[in-house]
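> how does the following fold in three dimensions:
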Amino acid sequence: MSILVKQYVKLISTGKCLLMIFIGSFLLMVINSCKTTQSLSAGNRIDSSLVFSPEGQYASLRIPSLVITKKGTLLAFAEGRIGTASDWSEMDLLLKRSEDGGNTWGSAVIIAAKKKGPTSNATPIIGNDGTIHLLYQRDYANAYYTFSKDDGKTWSEHTDITYAFDAFKPEYDWKVLAPGPGHSIQLKNGRLVVPVWLSDPNKLVPHRSHGPSCVATIYSDDQGKTWKRGDIVANNSPELKDPNESMAVQLDDGRVMLHMRTPDAKRLKAVSYSPDGATNWTKPVFDEELFEPVCMSSLIKVPARKKSGTSILLFSNPDSRSIPKNPRKNLTVKLSYDQGQSWPVQKVLNEGPSGYSDMAVGPDGTVYCLYETNTVGTGWNYSLMLKKFHLDMLTKSKSR
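Have a look, this model is predicted:
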């Protein structure tokens, strides 16, 4: 009898083992299946994270600039506006770094500390050799240049380059200057190109008005050591009212395309082209597909994946053409396969409050968009959020 009991217990134990093996195999299969599904759907996922928000002395975090370094580090620049969200408040120019694709961020570092008046309009450029070039302005009266050779950890002495803007004065007697804002570019031949805007206002008190205005570029052919003025691209006129904040991209044929913000009644983005980013700009035209909510926008080139292919252009701004009064809402990214001649693909990134934005694209096709929105504040008391998604989300869209 005892022998039979022992055999019965042995059978039960063996059955339990087999059952456990079966359950384990099944769970492993499910887990692997989930991993595969997640990988396949990753191209359609949009991740969001908070980068800057109002706290302490900073009433508003505005004017995003975003670049990704040659080492893959994200550099996010912002204006920490002190006490008020005004364009004329005192500000610290801030930087945060992320070495893991925007999942985590280091503490904010002051790149340029407050002085009397605003310190703003960060305009970074990633050089072909890995140098990070940075321009900004103080009190809308002086422009400065600095650079980093160690992935944005430390910065060189800040050099006053207002002389490049003073060169415009015989032609345009400006009272307000500003670079960018947002990232700018280095051309294939090594030239650094920075869109700028100038204003010669009648209203000077209590602050100098930002209009009427004009758009031009400044450039450097010696890696930022010296800067020169380019031609004025567009001036205030009945055909194009107060062009100002602009962004440039070099097309595959070598030309530089410039997108200009304008409060013109047509509510469309203005576009001009130059063979070298400095001279011989074409007469600006309006892009019928790019709505202008009177807000800075971002424009970036994604290199072709094949040598024989054509690069892709991405554009972002609040497309509120279908919203009454056209507020700064409905942040939308658009894609062009034909060097900006058409924009057949679009994706809404944020339906709510959405102001200025800037984009960067990683070598793996990840697109990063840093933009203004409200998280803890209201109105102009913005935070800066990061949206992250894969380029495939747009290129595999049926809208192509």
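
> break the chain into its domains for me.
As assigned by automatic domain parsing, the chain contains the domains 1-38, 51-395.

> of these, which approaches residue 45 most closely?
Residue 45 sits nearest to domain 51-395 of all the domains of the chain, at 6.7 Å, using Cβ to Cβ. All C-beta atoms are positioned from the backbone trio N, CA, C, and that covers glycine.

> follow-up on the earlier one: want to throw the domains of the chain into a markdown table with mean neighbour count, distance to residue 45 and mean pLDDT?
Shown next, in a markdown table, are those (neighbours: other Cβ atoms under 10 Å; distance: least, Cβ to Cβ, whole Å; pLDDT from 0 to 100):
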| stretch | mean neighbour count | distance to residue 45 | mean pLDDT |
| --- | --- | --- | --- |
| domain 1-38 | 10 | 9 | 40 |
| domain 51-395 | 19 | 7 | 96 |
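
> dump those into TSV; add distance to residue 44 as well.
Putting the domains of the chain into TSV (distance: least, Cβ to Cβ, whole Å) gives the following:
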stretch	distance to residue 44
domain 1-38	11
domain 51-395	6
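
> tell me where the stretch 201-350 of the chain has helices.
For the stretch 201-350 of the chain, applying DSSP state H, counting those that start in this stretch gives no helices.

> residue 305 and residue 392, how far apart?
Applying Cβ to Cβ, to the nearest Å, the value for residue 305 to residue 392 is 11 Å.

> actually residue 70, not the one I typed
23 Å.

> what of residue 48?
From residue 48 over to residue 392 the distance is 18 Å, taken as Cβ to Cβ.

> before we move on, what about residue 159?
Separation of residue 159 from residue 392 (Cβ to Cβ): 42 Å.

> which residue, other than its chain neighbours, is closest to residue 379?
Spatial nearest neighbour of residue 379, excluding adjacent residues (Cβ to Cβ, 6 or more residues apart in numbering): residue 85 at 7.1 Å.

> that neighbour touches residue 378, doesn't it?
No - using Cβ atoms under 8 Å as the test, residue 85 is too far from residue 378 to be in contact (10.0 Å).

> who touches stretch 153-172?
Applying Cβ atoms under 8 Å, 6 or more residues apart in numbering, the external contacts of stretch 153-172 come out as 97, 111-112, 134-135, 141-149, 174, 177, 196, 198, 200, 214, 216, 218, 227-229, 232, 235.

> can you show me the CA trace of that stretch as PDB?
What follows is stretch 153-172, C-alpha atoms only, in PDB (Å, rounded to 0.1, in the frame of the first residue of the first chain):
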ATOM      1  CA  LYS A 153      29.000  71.200 -20.800                       C
ATOM      2  CA  THR A 154      31.100  74.400 -20.900                       C
ATOM      3  CA  TRP A 155      31.100  77.500 -23.000                       C
ATOM      4  CA  SER A 156      33.700  79.900 -24.300                       C
ATOM      5  CA  GLU A 157      33.900  83.600 -23.400                       C
ATOM      6  CA  HIS A 158      30.900  85.500 -24.900                       C
ATOM      7  CA  THR A 159      31.900  87.800 -27.700                       C
ATOM      8  CA  ASP A 160      29.900  90.900 -28.700                       C
ATOM      9  CA  ILE A 161      29.200  90.700 -32.400                       C
ATOM     10  CA  THR A 162      26.900  93.700 -32.700                       C
ATOM     11  CA  TYR A 163      29.300  95.100 -35.300                       C
ATOM     12  CA  ALA A 164      27.700  92.700 -37.800                       C
ATOM     13  CA  PHE A 165      24.300  94.300 -37.200                       C
ATOM     14  CA  ASP A 166      25.700  97.800 -37.200                       C
ATOM     15  CA  ALA A 167      26.700  97.100 -40.800                       C
ATOM     16  CA  PHE A 168      23.000  97.300 -41.700                       C
ATOM     17  CA  LYS A 169      22.600 100.800 -40.300                       C
ATOM     18  CA  PRO A 170      23.500 102.700 -43.500                       C
ATOM     19  CA  GLU A 171      20.700 100.900 -45.200                       C
ATOM     20  CA  TYR A 172      18.400 100.200 -42.300                       C
END
